[in-house]
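Asks: The sequence and its predicted three-dimensional model are supplied below.
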Amino acid sequence: AAIPADVDGARIVNADKEAGNWMSTGRTYDEQRFSPLKEINDGNVKNLGLAWQYKLDYNRGVEATPIIVDGVMYTTGSFALVYALDGATGKLLWKFDPHEDMTRAGEFCCDAVNRGVAVWKGRVYVGTNDGRLIAIDARTGQSVWQADTIADHSRSYAISGAPRIVHGKVIIGNGGAEFGVRGYITAYDAETGQQAWRFYTVPGDPTRPQETPELQMAVKTWTGDAWFKQGGGGTAWDSMAYDPELNLLYIGTGNASMWNYALRSQAKGDNLFLSSIVAINPDTGKYVWHYQTTPGDAWDMTATQHMILADLPIDGVDRKVIMQAPKNGFFYVLDRATGKLISAEKYAPVNWASKIDLKTGRPVFTGEASYWLKKGKVLVRPGFWGGHDWQPMSYNPQTGLVYIPKHVFAVTYENTPDYQYISNKKHFYQLGVAAADMKDDPADMEKWAKSWTGALLAWDPVKQKKVWEVPYKTIYNGGTLSTAGNLVFEGTADGRVVAYRATNGDKLWESPAQSGVIAAPVTFEANGAQYVTFMVGWGGAFPTFAGAASLDAGVRPWAQVLTYRLGGDAKLAEAHFAPLPTPEPPAQTASAEQITQGKAEFNGHCSQCHGINAVSGGVVPDLRRLSSGQHQMFASIVKGAFQQLGMPSYDGVLTDDQISLIHDYLIKRAYDLKAETPETSPPATN
Ligand SMILES: O=C(O)c1cc(C(=O)O)c2c(n1)C(=O)C(=O)c1cc(C(=O)O)[nH]c1-2
Ligand SMILES: [Ca+2]
């Protein structure tokens, strides 16, 4: 029998010759996420119906882009579970559980998410949240090798992104810049798992010679050594693209460790290669060029967002470009051979810069968002989830438009000049800045929630302007898929899967998804018919950290694969949400002052997963709803009793006094919840 997932570089380069497959994350190395398939088109998409539904194991954030080769789908759920499914029927062929180390579940910033696999010559490759890269036999579902990608286990490194494979090398970056790490990206031999090269995105110890000439150059753009103690950041946690003709691999790098520019680098220098697009040779890992989108980033304005390669007619000349809508709110078009800026315009509301100077290629800072120079709360637009986060865009060469899951998003940042960095404290955000303070008052929370909205934005990258836009209620809608059927497909935060006409944004089809959709859909052929697949599952950074705002989406986590075809008539099985009890809290014995202290401790140590002010978006337990038994064993839970269930141990991290203050605050919040009106509570179970 033929070898399953027998994909190599030639097949990916010639992907248009077998458009029924989706063989790498962005379908093609240029990551356009455009499919030439058009059996489903703007004339008949109204007849799209469910072909099959597959329930995933964990009801947490689902972010994978499925890979489909010769009728078999390879996809992932939370905690990097890998599923091989029959593309036509959804029947499970095999499942691979990497058995992640649950005790490390507090060491990834934004839920136990995974953005999917890569395939190569009969194998499937996945990165795990605990930092392993695993090769799996595509026929048996058994692991062949695994590599530990973590350079320093005293730090909280993780993996959330999908690997890419070029010339037989599996390339993967890491997450962790919020905790304090030094970013890098590594290539492994696909056959053996041997490390081929590692590219550090920020310099190492400034008192010693750097590993490479480009880091020798980069280290001059940092000041002092606080940044080095904290790691520097610049994690390449998501996007890559590859140009086979130029033989250049493009990586997007992230924010600094720590965010606070004054504390980390005395508010001096560009701090290379933070928030940059870096072109490297995929065979050697050697630097070729870089373009920094946010010099001296102080806000988590990463350039890890999706990058698309295309040939665009600019001033009458076809240019080879790379396009990105990073968090900072500007849409960039660069020459991808040289890294030279061609154009950049605002695609979302921005207050930190007035424009990007085309002569220098640098932003013109307004100073409005420079919180390290100010007292009190400073509004930053866009805030840390950006004008656009990791959710993939798509580019349709027929309409010439890029389809962006856009955010309208601003938060306050406040300088904390007395902040002390605590060396090597794991699973503990160390930003050096107080971000997004929401009041406990439900009305105040609602105000925040209402000000954070989203849209599907169709953007002309040549004219650098909006062509049409479909508004959404909240941020964190799904990635997009474009097809030659003049369609754009997108799932929404509020639990729908939708098809729009690519030319004008008319909504042509929609169906319920039972949960929020953040992943990007794909399309493929099986048995001669075209299918469209949506990975469904509410989670990721938004509902975990800002539960209060995410409740506005009106969804709860329910993870599944939904696949559609014309005339599909499968019946959508019901979702079964666990009940949300409001048990009687224990008596409140703490003083108002203790509760205030408890709030600060909670938001400092727990809000990253359990939500600011303990309002859960439903992904992990709502701590306002603890049972009396859980209240009784509260301290032991915090010290590790539920480690194997994913609740990290804070033994030795939090003192008994701190734990007790946090408990006081949660008891207060449990009473608040009981007193709240039904409108501000999560959606009822169905
Ligand atoms: O700096 C980092 O290392 C890092 C990692 C990740 C991640 O690995 O998912 C995210 C972010 N940052 C981040 O800033 C962010 O907004 C984000 C959203 C998500 C998500 O999956 O919803 N992950 C991440
Ligand atoms: Ca980040």
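Replies: Everything's here; your move. Residues are numbered from 1 along each chain as shown. Ligands and ions are numbered 1, 2, ... in the order given.

Asks: Please name the nearest non-neighbouring residue to the spatially most central residue of the chain.
Replies: The centroid of the chain falls nearest to residue 390 when counting by CA atoms, centre = their mean (4.2 Å). Distances taken as CB to CB, 6 or more residues apart in numbering place residue 238 nearest to residue 390, at 4.9 Å, with adjacent residues excluded. Backbone N, C-alpha and C define where each C-beta goes, glycine included.

Asks: Please save the CA atoms from the lowest-mean-pLDDT helix or strand in the chain in CSV.
Replies: Across the helices and strands of the chain, mean pLDDT, DSSP states H and E gives its lowest value to helix 442-451, namely a mean of 76. Coordinates of the C-alpha atoms in helix 442-451 are reproduced here as CSV (Å, rounded to 0.1, in the frame of the first residue of the first chain):
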residue,chain,number,x,y,z
PRO,A,442,-19.7,44.0,36.9
ALA,A,443,-20.7,47.2,35.2
ASP,A,444,-17.1,48.2,34.9
MET,A,445,-16.2,44.8,33.4
GLU,A,446,-19.1,45.2,31.0
LYS,A,447,-17.7,48.5,29.8
TRP,A,448,-14.3,46.8,29.0
ALA,A,449,-16.0,44.0,27.3
LYS,A,450,-18.1,46.3,25.1
SER,A,451,-15.1,48.3,24.0
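
Asks: helices or strands next to the next helix or strand after it in the packing?
Replies: Once the chain leaves helix 442-451, the next helix or strand it forms, by DSSP states H and E, is strand 453-460. Applying 3 or more CB pairs under 8 Å, 6 or more residues apart in numbering; DSSP states H and E, we find strand 453-460 packed against strand 401-408, strand 465-472, strand 487-491.

Asks: Quick one: distance of strand 453-460 to the chain centre.
Replies: Centroid displacement of strand 453-460 relative to its chain, using CA atoms, centre = their mean, to the nearest Å, is 18 Å.

Asks: Do it and ligand 1 come into contact?
Replies: No: using CB under 6 Å from any ligand atom, strand 453-460 stays clear of ligand 1, with a minimum separation of 13.6 Å.

Asks: In its sheet, which strands sit next to that strand, and in what direction?
Replies: Note on strand 453-460: by DSSP bridges, its sheet partners are strand 401-408 (antiparallel), strand 465-472 (antiparallel).

Asks: what does it rub up against?
Replies: 325, 331, 347, 399-408, 465-477, 480, 488, 490, 493, 500, 502, 505 (CB atoms under 8 Å, 6 or more residues apart in numbering).

Asks: Weed out the non-buried ones from those residues.
Replies: Among the contacts of strand 453-460, those scoring as buried are 325, 331, 347, 399, 401-408, 466-468, 470, 472-477, 480, 488, 490, 493, 500, 502, 505 (criterion: 16 or more other CB atoms under 10 Å).

Asks: Which residue, neighbours along the chain excluded, lies closest to residue 500?
Replies: Using CB to CB, 6+ apart, the nearest residue to residue 500 is residue 488, at 4.7 Å.

Asks: list the contacts for the one you found?
Replies: 394, 396, 403, 456, 458, 480-482, 499-502.

Asks: now, among those, which is nearest to ligand 1?
Replies: Distance to ligand 1 across the contacts of residue 488 (CB to the nearest ligand atom) is lowest for residue 480, with 16.0 Å.

Asks: isn't the closest one right up against residue 520?
Replies: Yes: between residue 480 and residue 520 there is a contact at 6.1 Å, judged by CB atoms under 8 Å.

Asks: just checking, what packs against the longest helix anywhere in the chain?
Replies: Criterion DSSP state H: the longest helix present in the chain is helix 656-675. Here helix 656-675 touches helix 592-605, helix 634-636, going by 3+ CB pairs under 8 Å, 6+ apart.
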